[in-house]
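A.B. asks: Predicted coordinates and the sequence they were generated for:
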Amino acid sequence: MISWMQKHKKWLVVTIWISTIAFVGAGFVGWGAYEYGSSAGKIAKVGEIEIKADEFQRKYSELYSYYNNMLQGKLDKQKAKELGLEKEALNSLVTEALLMNLARELGLTVLDDEVKNKIVSMREFSTNGKFDKKIYLETLKRVGMKPKDYETLVKKAILIQKLQEILELPLAKLEKNSFGASLFIGDKIKYTVLDSRDINVTYNETQLIEFWKKREQNYIKQPQYVLSILWYDPFEIPEPSKEELLKFFEKNRHLFKEPNGKLMDFDSAKEAVLNEYRIKKGKKEALKKYLKFKKGEIEPQETIRVSEQNEIFDGNLMKEIGQKSENFYLKPKLIGKKYAIIRLDKKVPSRPMTFEEARVRVIKDFVEAEKKSLLTKRAEALSKNFDGKVTDFISRDDVDKLKPLKETEAAEFLSVLFSVTEPSGYILLESGKAVVYQILEQKLIMKKKLEQNSAFITENTKKVKESVEWDNLLKNLQKRYEIEIYYKGL
């Protein structure tokens with residue numbers, strides 16, 4: 001997932017900068033130490049627009065929340081660094097500033113009523129479908145933002161949106177037809193499917209050992225950790241009075257929402273409120289036990305030995321444990337519904353596996369490698385002359401017309417087929433199958449397909465066109481407006 005996001009982050013950021021409310025409910029994530037150049041308090045200046053440190057902090061927090069959601073809550077500072085989040089935050093702000101300069105030059109403005117209408121329409125600030133000023137003010141206070149500053153962000157977003165709208169060019173018929181033709185070119189093919197499951201592989205001990213020796217670096221025993229654990233169950237805390245629970249709900253009501261984002265009332269959320277109350281109150285009790293455990297006043301309930309990858313603790317916690325020294329006490333961590341107070345007793349470093357330890361994996365890898373090798377040889381030999389099924393004209397979306405392939409396999413095959421230049425050959429699939437093919441005829445325009453997929457073609461042609469225009473616009477704006485960077489933390 002990290003590598004995919006690194007590859008596509010440019011366009012993800014383009015999507016993010018218009019979402020001025022993305023930080024609401026996300027908390028505030030710091031980016032650490034930083035240095036400024038000659039203009040202290042400013043991150044950068046683009047044309048006539050200055051970018052301030054607090055804007056940078058908000059943008060970083062916004063991006064962190066966005067990527068953290070994509071990674072299902074598993075983003076940490078190290079992964080954020082790998083993604084280059086600081087650089088992306090700065091690039092995003094520079095992009096906004098470039099567009100703001102252009103908007104001002106064109107004389108675009110935003111009225112106060114437009115800002116007001118936008119804010120009152122946001123469901124994040126509404127109760128039962130109506131704008132709730134109290135929720136609005138409480139939400140901004142929780143993220144450390146003044147209404148005036150937030151309204152400035154909304155104003156900027158509206159201005160950039162207006163600029164986007166006036167710069168949007170209509171889609172030409174030729175553009176749509178050319179794009180559609182590239183997507184729905186038709187091939188009539190002859191094909192046959194080979195399956196590695198039909199290949200029997202035999203082996204002896206000598207072959208396995210030789211295979212293992214060449215790949216010893218692939219067979220490493222994970223680091224292990226001996227941990228002493230004291231558990232605390234916050235759900236043993238007695239239910240508080242209704243008044244106390246209601247007070248807790250009012251203070252934290254932003255946490256309790258319907259699936260559609262609507263805030264829940266107390267009666268609907270009562271069970272969830274009670275759970276959250278116990279978890280938060282339980283943390284205070286767990287901290288008391290942590291101090292006693294650290295002083296030796298309480299004995300651990302169990303001592304276990306775990307690898308980096310295990311079914312008890314997630315990867316982030318194991319990474320934190322791995323960075324600590326022996327006899328270190330970790331503060332309470334919520335594991336499932338209980339708090340774990342952990343002492344790291346011993347670290348057992350990673351090491352290469354012996355052949356016997358790796359034997360089961362070696363056999364599996366050896367068999368897979370041999371099957372792939374034999375499958376490739378058979379497919380290559382067969383591709384020179386074979387009998388197979390002949391299709392009608394098919395295009396990229398005809399995943400249901402290539403039996404016995406599953407639709408996912410057919411999609412993989414067709415994706416490669418329409419990118420190859422050879423009229424015949426074979427394509428290896430991730431599932432361990434090979435498709436031997438021969439292209440018999442081609443049809444450049446499949447009129448019926450174009451008509452059936454008209455909306456899809458239009459939408460995707462627009463996206464491609466917008467991305468190209470966006471790229472060219474930014475390149476021109478970078479030449480038009482001077483960019484000065486004062487931030488030295490990258």
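C.D. replies: Sure, I can see it.
A.B. asks: Confirm that Lys333 sits in a strand.
C.D. replies: Yes. Looking at Lys333 with DSSP: H, G, I helix; E, B strand; the rest coil, it is inside a strand.
A.B. asks: which residues touch it?
C.D. replies: With contacts taken as CB atoms under 8 Å, 6 or more residues apart in numbering, Lys333 has the following neighbours: 313, 317, 339-340, 342. The C-beta positions use only the backbone N, C-alpha and C, and glycine is treated the same way.
A.B. asks: tell me the SS of Leu227?
C.D. replies: strand.
A.B. asks: Give me the pLDDT for it.
C.D. replies: Predicted confidence (pLDDT) for Leu227: 97.
A.B. asks: That one touches Ile341, doesn't it?
C.D. replies: No. Taking CB atoms under 8 Å as the definition, Leu227 is not a contact partner of Ile341, at 10.4 Å.
A.B. asks: ok, the two, which is more surrounded?
C.D. replies: Ile341 (25 against 21; other CB atoms under 10 Å).
A.B. asks: Helices of the stretch 1-150 of the chain, residue ranges please.
C.D. replies: Secondary structure of the stretch 1-150 of the chain, counting by DSSP state H, counting those that start in this stretch: helices at 2-16, 53-70, 77-83, 85-105, 112-120, 133-142, 147-167.
A.B. asks: what packs against the fifth one?
C.D. replies: Applying 3 or more CB pairs under 8 Å, 6 or more residues apart in numbering; DSSP states H and E, one finds that helix 112-120 makes contact with helix 147-167.
A.B. asks: Now do the helix it packs on, average pLDDT.
C.D. replies: Computed over helix 147-167, the mean pLDDT rounds to 89.
A.B. asks: What are the contacting residues of that helix?
C.D. replies: Applying CB under 8 Å, 6+ apart, the contact partners of helix 147-167 are 17-20, 54, 58, 96, 99-100, 102-103, 106, 108-110, 114-115, 118-119, 136-137, 140, 469, 473.
A.B. asks: Pull out the buried members of the residues you listed.
C.D. replies: Of the members of these, the ones counted as buried by neighbours, 16 or more other CB atoms under 10 Å, are 17, 20, 58, 96, 99-100, 102-103, 110, 115, 118-119, 136, 140.
A.B. asks: Now compare those residues and name the two farthest from each other.
C.D. replies: The largest distance within the buried ones among the contacts of helix 147-167, taken as CB to CB, falls between Leu102 and Tyr136 and amounts to 30.8 Å.
A.B. asks: For Leu194, see how far away the residue of the chain most remote from its centre is.
C.D. replies: Among the C-alpha atoms of the chain, the one farthest from their average position, using CA atoms, centre = their mean, is that of Asn385, at 45.4 Å. Counting by CB to CB, to the nearest Å, the gap between Asn385 and Leu194 amounts to 15 Å.
A.B. asks: Please, where are all the helices along the stretch 251-400 of the chain?
C.D. replies: For the stretch 251-400 of the chain, the helices identified by DSSP H, counting those that start in this stretch occupy 266-294, 315-322, 355-382, in order along the chain.
A.B. asks: From Lys59, how far out is the residue nearest to the spatial centre of the chain?
C.D. replies: Relative to the mean C-alpha position of the chain, the nearest C-alpha, by CA atoms, centre = their mean, is the one of Met70, at 2.9 Å. Counting by CB to CB, the separation of Met70 from Lys59 is 17 Å.
A.B. asks: Ser196 reaches Lys377, doesn't it?
C.D. replies: No. Contact status for Ser196 versus Lys377: not in contact, 11.7 Å apart, counting by CB under 8 Å.
A.B. asks: Find residues that contact each of Leu227 and Ile341.
C.D. replies: Contact criterion CB under 8 Å, 6+ apart; residues shared by Leu227 and Ile341: none found.
A.B. asks: just for the protein, where's the confidence low?
C.D. replies: Filtered on pLDDT under 70, the chain yields the residue ranges 1-40, 181, 260-261, 445-446, 489-490.
A.B. asks: can you list the domains in this structure?
C.D. replies: The record's domain split for the chain, according to automatic domain parsing, is 2-169+469-485, 186-205+355-443, 224-352.
A.B. asks: surely Val435 meets Tyr426?
C.D. replies: Yes. The criterion here is CB under 8 Å, and Val435 meets it with Tyr426 at 6.6 Å.
A.B. asks: out of these two, which sits in the more crowded spot?
C.D. replies: More neighbours sit around Val435 than around the other of Val435 and Tyr426, counting by other CB under 10 Å; the figures are 25 against 21.
A.B. asks: That one in helix, strand or coil?
C.D. replies: Taking three-state DSSP, the label given to Val435 is strand.
A.B. asks: Bridged to it, which residues?
C.D. replies: Counting by DSSP bridges, Val435 is bridged to Val193, Ile427.
A.B. asks: Okay, it and Pro404: tell me how far apart.
C.D. replies: In terms of CB to CB, Val435 sits 11 Å off from Pro404.
A.B. asks: intersection of neighbour lists for the two?
C.D. replies: Counting by CB under 8 Å, 6+ apart, the common neighbours of Val435 and Pro404 are Val193.
A.B. asks: can you list the helices of the stretch 1-150 of the chain in CSV and add distance to Val348?
C.D. replies: Compiled in CSV, the helices of the stretch 1-150 of the chain are given as follows (distance: least, CB to CB, whole Å):
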stretch, distance to Val348
helix 2-16, 27
helix 53-70, 31
helix 77-83, 23
helix 85-105, 33
helix 112-120, 56
helix 133-142, 43
helix 147-167, 50
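A.B. asks: Any idea which of those gets closest to Lys45?
C.D. replies: Ranking these by their distance to Lys45 (criterion: CB to CB) puts helix 85-105 first, at 8.3 Å.
A.B. asks: Which of the residues in that closest one are classified as buried?
C.D. replies: 85-86, 88-103.
A.B. asks: cool, stretch 280-298 as well?
C.D. replies: Buried positions in stretch 280-298, judged by neighbour count with 16+ other CB under 10 Å: 282-283, 285-286, 289-290, 293.
A.B. asks: for stretch 413-422, same thing?
C.D. replies: Residues of stretch 413-422 classed as buried by neighbour count (16+ other CB under 10 Å): 413-414, 417-418.
A.B. asks: List of residues touching that stretch?
C.D. replies: Stretch 413-422 has contacts (CB under 8 Å, 6+ apart) with 185, 187, 189, 394-399, 402, 405, 427, 429, 435, 437.
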